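*Asks:* I'd like to go over a predicted model; first the sequence, then the structure.
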Amino acid sequence: MKAVLYVSHGSRRKTATRQAEDFLHRAAGAHDRPYEICYLELAHPDITEGMRRLVEKGADAVVVQPVLLLSAGHYYKDIPEELDRISGSYPELTISYGEPLGVQDNIIKALAERIQETNPPVGKETNILLVGRGSHHPDTPAAVEKIAGRLGEEMSGTSVDVCYLAALSPRFSEAFQRSVEAYEHTIVVPYLWFTGVLMEEIQAVVHQAVQRGYSAAAAHHLQDHPAMEQSLQFRVNEALNKLSRVE
């Protein structure tokens, strides 16, 4: 029996965990497969427990699908290390490791729609500030820069700058301050899937700037945009197809 294990990041905020679970329950319905949701950190169950539950349900082949936007340390190191450790307990289990969402056209369009939802909308003197989580892995800045370039094209040449919340420069607070001082209006676009501590920090910085008289707005995180379900289902289908070729 084929099954799917969704591996989400986890958050200290229960609201973020609920958002992730609600989203994944909806997305999983498209595959008509047994599934479990687990977390890398800060929430339960973990990967070991999620896999145990699937095996107990009768799964002998599992798609492990990272609920991640981009490839970085969690994808290349943390999840594979857990799977290597678990595999010894289930020698007959076949695992297909899915890919993060990556740079997909429909996600670029989703970001553009989030921008258009802000008030005031994009104008001639607007700067878009794309905010990534940040990672020391070189795939992260390469992907974020690519997304920024394609987002600028989608927005008909509107200026798009890149910054990060951790690990990489420029950091969000510095880039945001430069933007609000240089442009009439700044729209902050968080490249985040669900809410949580990082989204709260972004909203607080933008709110404080508005209170000081700057023109700025924070776009909504990607969360419930239909493109996100479509993109995740695409990756799960890829991994399910890999299982079919193995069998």
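*Replies:* Perfect, thanks for sending it. Numbers count the residues shown, from 1 in each chain.
*Asks:* what lies in contact with the least confident helix or strand in the chain by mean pLDDT?
*Replies:* Ranked by mean pLDDT, DSSP states H and E, the weakest helix or strand in the chain is helix 73, scoring a mean of 88. Outside helix 73, the residues that touch it by C-beta atoms under 8 Å, 6 or more residues apart in numbering are Ser135, His136, His137. Bear in mind the C-beta positions are built from the backbone N, C-alpha and C, glycine included.
*Asks:* 10 Å instead, please
*Replies:* The contact list for helix 73, computed with C-beta atoms under 10 Å, 6 or more residues apart in numbering, reads Ile79, Ser135, His136, His137, Asp139, Thr140, Ala167.
*Asks:* closest one of the residues you listed to Met1?
*Replies:* Ile79 (22.1 Å; C-beta to C-beta).
*Asks:* for the host helix or strand of the closest one, the averaged confidence score.
*Replies:* Using DSSP states H and E, Ile79 sits in helix 79-87. Per-residue pLDDT over helix 79-87 has a mean of 94.
*Asks:* stretch 57-66 now?
*Replies:* 97.
*Asks:* just the endpoints, please. Distance across it?
*Replies:* 21 Å (C-alpha to C-alpha, to the nearest Å).
*Asks:* that stretch: which residues count as buried?
*Replies:* Ala59, Ala61, Val62, Val63, Val64, Gln65, Pro66 (16 or more other C-beta atoms under 10 Å).
*Asks:* now swap in stretch 23-37 and tell me
*Replies:* For stretch 23-37, the buried set under the neighbour-count rule, 16+ other C-beta under 10 Å, comprises Phe23, Leu24, Ala27, Ala28, His31, Arg33, Pro34, Tyr35, Glu36, Ile37.
*Asks:* shouldn't the last one be within a helix?
*Replies:* No: the assignment for Ile37 (DSSP: H, G, I helix; E, B strand; the rest coil) gives strand, which keeps it out of a helix.
*Asks:* that one bridge partners, please.
*Replies:* Tyr6 (DSSP bridges).
*Asks:* show me the contacts for it.
*Replies:* Ile37 touches 4-8, 17, 20-21, 23-25, 28, 43, 45, 50, 53, 67, counting by C-beta under 10 Å, 6+ apart.
*Asks:* quick check on those residues: which are buried?
*Replies:* 4-8, 17, 20-21, 23-24, 28, 43, 50, 53, 67.
*Asks:* domains of this protein?
*Replies:* 2-101+226-246, 105-218 (automatic domain parsing).
*Asks:* tell me what the helix holding Ile79 is packed against?
*Replies:* strand 2-8, helix 47-56, strand 61-66, strand 94-97 (3 or more C-beta pairs under 10 Å, 6 or more residues apart in numbering; DSSP states H and E).
*Asks:* now with 7 Å?
*Replies:* helix 47-56, strand 61-66 (3 or more C-beta pairs under 7 Å, 6 or more residues apart in numbering; DSSP states H and E).
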